[in-house]
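Q: build me a model from this:
(one chain, ligands or ions: 1)
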Amino acid sequence: MQTTTYSVTGMTCAHCVSSVSSEVSQLAGVTDVQVDLATGTVSITSAEPLDRAAVAAAVDEAGYELAVTP
Ligand SMILES: [Cu+2]
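A: This is a model prediction of the structure:
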C-alpha cells in the first residue's frame, strides 16, 4: 500500500474535486483518493505503484491536467 501525491491544474470548486476523484478512483488498485482543492493536489492510495501516465489519463478524462511537477 502506498500513497502518491500529484498536482492537478484547473480545479476550482467542489464539482472539480468530485470529477477528479471519481475518475481516479476507477483506476485499478486504487483504494483511496483525497483531493485538496486549496493546494490543487490529489493524494492517491493504491495497492501497487501507479503508472503516472494512467493517472494523467484519468485526470484528463475528468477535464483537468496533471501539473508537470512533481
Ligand atoms: Cu469545479
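Q: contacts only, for the spatially most central residue of the chain.
A: Central residue of the chain (CA atoms, centre = their mean): V42, 4.5 Å from the mean position. Applying CB atoms under 8 Å, 6 or more residues apart in numbering to V42 gives the contacts 5-8, 20-21, 24, 33-36, 59. Where C-beta positions appear, they are placed from N, C-alpha and C, glycine not excepted.
Q: could you list the low-confidence segments of the chain?
A: 69-70 (pLDDT under 70).
Q: which stretches in it count as helices?
A: Under the criterion DSSP state H, the chain contains helices at 14-24, 52-62.
Q: just the residues contacting the first one, thanks.
A: Outside of helix 14-24, the residues within contact range by CB under 8 Å, 6+ apart are 8, 10-11, 30, 33-35, 37, 42, 44, 55, 58-59, 61-64.
Q: from T12, how far off is V30?
A: Distance of V30 to T12, computed by CB to CB, to the nearest Å: 23 Å.
Q: who has more neighbours out of the two?
A: When V30 and T12 are compared for neighbours, V30 comes out ahead with 19 against 10, by other CB atoms under 10 Å.
Q: ok, back up a step: redo the helices of the chain as CSV? Include mean neighbour count and distance to the ion.
A: Listed next are the helices of the chain as CSV, based on neighbours: other CB atoms under 10 Å; distance: least, CB to the ion, whole Å:
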stretch, mean neighbour count, distance to the ion
helix 14-24, 17, 3
helix 52-62, 16, 10
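Q: of all those, which lies closest to V68?
A: V68 lies closest, by CB to CB, to one member of the helices of the chain: helix 52-62, at 10.6 Å.
Q: which strands and helices lie in contact with the closest one?
A: Secondary-structure packing of helix 52-62 (3 or more CB pairs under 8 Å, 6 or more residues apart in numbering; DSSP states H and E): strand 2-9, helix 14-24, strand 65-66.
Q: could you measure from the nearest residue to V30 once chain neighbours are set aside over to the ion?
A: Nearest residue to V30, sequence neighbours excluded (CB to CB, 6 or more residues apart in numbering): S46, at 4.9 Å. For S46, the distance to the ion (CB to the ion, to the nearest Å) stands at 25 Å.
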